[in-house]
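K.L.:
let's see this in three dimensions:
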Amino acid sequence: MSFVYLYLLATALFIFGLKRLSGVRTARSGNRFAALGMAIAIGAALIEAGVLTWWALLLAAAIGAVVGLVLAKRVPMTAMPELVAAFNGVGGAASAVVALSYLAGELIDGTVLADTAGVSTDTAVTVPISILIGMATLTGSFVAYMKLGGKKMSHPVSGSARHSLHAALGFGALAVSLWLVLYAESTGMQITAIVLLVAISAVLGVLLVMPIGGADMPVVVALLNSYSGLAAAASGFVIGNLLLVVAGALVGASGLILTKIMCKAMNRSLGNVLLGGIGDDDVAEDARDYSNIKESSGEEVAMLLDGASSVIIVPGYGLAVAQAQHVTLELATELEARDVQVRYAIHPVAGRMPGHMNVLLAEADVPYEQLFELERINGDFQNTDVVIILGANDVVNPLAREEGNPISGMPILDVDYAQTVVVVKRSLSPGYAGIKNPLFDLDNTLMVFADAKEALQEMVNEVKEL
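P.N.:
Model prediction:
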């Protein structure tokens, strides 16, 4: 029973690691604590499994470690949202495989779930749940993966018919689950029921995520993360592993909390996100229609910065695409050497996944005390000399303060209140919401049309010569 104590230790490390992940300063150590907990959990599973199967578990752990290490080294930060989505999908698939493996064993023994003498009620309930949530998470996550990668996808059905189709598939999955549990064995159609449940669940996952807009992908990624945790908890009941139940519950609960935080940051309900996405393939007719654009250069911006006393940097997905986090820090360091106050304004849904900007800036060792969330810094823009926006769009769009557009009511960074706003952007293309950004037309806005890294490097060079 020594593995039980190891499971308790692993659980404690998971909880402690999760707690530390909630802060930027402690996130790295939190990740290490959680990884240590997982290593201990694997060791405990080896002990519990016994000598007959320990080698298989060890081999699987080794393969997973190698794959994870290679991905961590090779995947660029710009592709990190897609990687997180893929991880969610793989987690859902693993849970579904656990349930399917259990069913395969039952079929070999000549029974499935209807043999109440040998199958507990919680197992009979959680096996279909593991398959349903696991497969939906797998396919839904890879739809999110493709959307995050810029692939355009449209739902085959529109309007109320789309919701009716989703409801029909949901009820179909429930009906097949009941059939599998109660009647499939007596009718000799166990395999048919299993295949139908897998297929319906997979299709449901695709169709649920397909109509959701690109701007809502941070919320979807968080929600799919929660789904993968729920599927893992269900599979823990299937195989009678309490640690898997606890770990899955932790992931499921934290994912739901994060989903709620993301919805609050966008001032939208979860139902509104799932049923009416922002940022589909539609683009407003006036999205590129501007009349007061004032184009600038890195040299001109450097002169502005030389005379500034306070600067706020707003990172967006453009910073991630250009891999400009290190040169951003270099510019900030040069300004601080001239007694300029430099801070970073972080919008909760900037980028393409929760915490995307925090991760990027932490990679460049930007001081944690310079990172400010929206609520803490919004009141300071009016007293700021220069704001530099690096590829952000919807999160700084003043249209959010008006009614009748896709981002109405969404909390934004009040950058337009600053004395001068510098927008570094490759073009006038709209953000995920597909609407015009009046910020670009304001009298106090300067547009620098360039790759963020190149523009910032020019600013650094010019500031050094001043």
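
K.L.:
need the contact list for the closest residue to residue 15 other than its chain neighbours.
P.N.:
Nearest non-adjacent residue to residue 15, counting by C-beta to C-beta, 6 or more residues apart in numbering: residue 250, 6.9 Å away. C-betas here are computed from N, CA, C, even on glycine. Counting by C-beta atoms under 8 Å, 6 or more residues apart in numbering, residue 250 makes contact with 14-15, 18, 229.

K.L.:
turn those into a markdown table, including secondary structure and distance to residue 358.
P.N.:
Compiled in a markdown table, those are given as follows (DSSP: H, G, I helix; E, B strand; the rest coil; distance: C-beta to C-beta, whole Å):
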| residue | secondary structure | distance to residue 358 |
| --- | --- | --- |
| 14 | helix | 21 |
| 15 | helix | 21 |
| 18 | helix | 16 |
| 229 | helix | 22 |
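
K.L.:
by neighbours, which of the residues you listed wins?
P.N.:
residue 229 (26 neighbours; other C-beta atoms under 10 Å).

K.L.:
wait, doesn't that one sit right on residue 246?
P.N.:
No - Residue 229 is beyond contact range of residue 246, at 10.5 Å (criterion: C-beta atoms under 8 Å).

K.L.:
rewinding a little: which of the contacts of residue 250 lies closest to residue 405?
P.N.:
Ranked by distance to residue 405 (C-beta to C-beta), these are led by residue 229 at 34.5 Å.

K.L.:
that closest one: what's it in contact with?
P.N.:
So residue 229 contacts 91, 247-255 (C-beta under 8 Å, 6+ apart).

K.L.:
any idea how many residues pack against the residue lying closest to residue 319 once chain neighbours are set aside?
P.N.:
Among residues not flanking residue 319 along the chain, residue 390 sits closest, at 4.2 Å (C-beta to C-beta, 6+ apart). Using other C-beta under 10 Å, residue 390 has 29 other residues around it.

K.L.:
on that earlier part again, helix or strand for the residue nearest to residue 15, which one?
P.N.:
According to DSSP states H and E, residue 250 maps onto helix 242-266.

K.L.:
so for that helix, what gets flagged as buried?
P.N.:
For helix 242-266, the neighbour count (16 or more other C-beta atoms under 10 Å) marks 243-248, 250-252, 254-256, 258-259, 262-263, 265-266 as buried.

K.L.:
please apply the same query to stretch 18-33.
P.N.:
18, 20-21, 24, 27, 30, 33.

K.L.:
which of the three states applies to residue 338?
P.N.:
When classified by DSSP: H, G, I helix; E, B strand; the rest coil, residue 338 comes out as coil.

K.L.:
could you report the neighbour count for it?
P.N.:
If we define neighbours as other C-beta under 10 Å, then residue 338 has 13 of them.

K.L.:
skipping its backbone neighbours, what lies nearest it in space?
P.N.:
The shortest distance from residue 338 to any non-neighbouring residue, by C-beta to C-beta, 6+ apart, is to residue 306 (7.2 Å).

K.L.:
how far away is that neighbour from residue 35?
P.N.:
Using C-beta to C-beta, to the nearest Å, residue 306 is found at 45 Å from residue 35.

K.L.:
now swap in residue 156 and tell me
P.N.:
41 Å.

K.L.:
which one's more surrounded, these two?
P.N.:
A count of neighbours by other C-beta under 10 Å puts residue 35 above the other of residue 156 and residue 35, at 13 against 10.
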